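Trainee: coords please:
(one chain, ligands or ions: 1)
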Amino acid sequence: MQEKIAQLRGAFKDALSAAKDAPALEALRVEYLGKKGSVAALMQNLRSLAGEEKKAAGQVINELKTGVEQAIKAAGEALAEAELKAQIAAAKPYDVSLPVRTPHGSYHPITLVQREVERIFVTMGFTVEEYPEVVDDYHCFEALNIPKHHPARDMQDTYYLSNGQLLKTHTSAAQNSIMRKYGAPLRAIFPGRCFRNESIDACHENTFFQMEGIMIDRDISISNLIYFMKTMLSEVFQRDVKVRLRPGFFPFVEPGFELDISCLICGGEGCPSCKDSGWLELCPCGMIHPRVLEMGGIDTNEYTGFAFGLGLTRLAMMRYGIKDIRDFNSGSLKALAQFEG
Ligand code: PHE
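Mentor: Next up, the predicted model:
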């Protein structure tokens, strides 16, 4: 018996060194460890033995079995590693330190338009202000003449946070702080990301950008507002842009307007981007409500001002002929990488 076992062990060693690939190894496994394999056959032979002899032989067979299992497993792993090494060696070598041929990455179209508008307003004496995206109820609503439970709050479906703060629904949320920071006279723009619980389609997003502007001084009227908006839009589009003013209601301006521009995607014919109207609502605006000025610490006997909330995302759509607002937040490089700047 012991002799048979020793023979088998020797034969296995030879066979293993001859097995050069995975199928050969598998055949070897079946040959030795399979149900009808050599090890099983040895086990059968055990029946003819008894006592100590049987026990000793059984132990040696078990050792042989474990040895064969381990050897096959190790050989399989060695084969896989050798194969990987061969693949790596065959692959074209590349040098990670080589400079890339074209620079990767580009500015987001919103960033491009934002910078352009900033540049234009800065040349007209405006400062550019930053403001957080998480704000409190007072700044987003109350300081803008929108008291608690006022129906005007329904215009903006707000994301409230569990700590009582909220994601700003409009850049107007910064008005009060900026008035308090600088006092009058004042010219400032403040771009920002805004959030509203909108159902998303080609022209609505729950995350979008606005650029707010306020100008407060002596004798400011709505004609100043129209002048600044027309100048800015003609610069952005490099041509005279058709605009129209409609009355619009916002609790923080009086009178309030909607400034529309004729849709540059369809040329005013009507398309999904302009809801088939030929006009795009681009810039709600108006004269700052005296109560808002007062809450901002501005003397209303001396000063008046205008405010506008430019739809920066809409403006980018117009500027670049982007038909679907969802492209902006899609992360699709195919869509976004076309914008150089
Ligand atoms: N904050 C308003 C909105 O997003 C827009 C607006 C800004 C209106 C400034 C008037 C003046 O709905």
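Trainee: how about the residues of this structure that lie near the ligand?
Mentor: Residues of the chain lying close to the ligand (Cβ under 6 Å from any ligand atom) are His170, Ser172, Phe250, Val253, Gly256, Pro284, Cys285, Gly286, Ala307, Phe308, Gly309. Glycine gets a C-beta too; all of them are placed from N, C-alpha and C.
Trainee: excluding chain neighbours, what is closest to the first one?
Mentor: The shortest distance from His170 to any non-neighbouring residue, by Cβ to Cβ, 6 or more residues apart in numbering, is to Cys194 (5.5 Å).
Trainee: how about Phe257, phi and psi?
Mentor: When read as degrees, to the nearest 10, the backbone of Phe257 gives phi -140, psi 160.
Trainee: low-confidence ranges in the stretch 1-150 of the chain?
Mentor: Scanning the stretch 1-150 of the chain for pLDDT under 70 picks out the ranges 101-104.
Trainee: OK, now which residue of it is nearest to the ligand?
Mentor: When scored by Cβ to the nearest ligand atom, the stretch 1-150 of the chain has Leu144 as its residue closest to the ligand, at 7.7 Å.
Trainee: quick check: closest non-adjacent residue to that residue.
Mentor: Nearest residue to Leu144, sequence neighbours excluded (Cβ to Cβ, 6+ apart): Phe252, at 4.0 Å.
Trainee: check Ala173 too.
Mentor: Going by Cβ to Cβ, 6+ apart, Ala173 has Cys140 as its nearest residue, at 4.3 Å.
Trainee: these two touch, right, the one you found and His170?
Mentor: Yes. Under the contact definition of Cβ atoms under 8 Å, Cys140 touches His170, with a separation of 7.5 Å.
Trainee: what about the helices in the stretch 151-300 of the chain?
Mentor: Along the stretch 151-300 of the chain, counting by DSSP state H, counting those that start in this stretch, helices occupy 175-182, 222-237, 290-295.
Trainee: grab the longest helix from this structure for me.
Mentor: The longest helix of the chain (DSSP state H) is helix 51-90.
Trainee: helices or strands up against that helix?
Mentor: helix 2-18, helix 22-33, helix 38-45 (3 or more Cβ pairs under 8 Å, 6 or more residues apart in numbering; DSSP states H and E).
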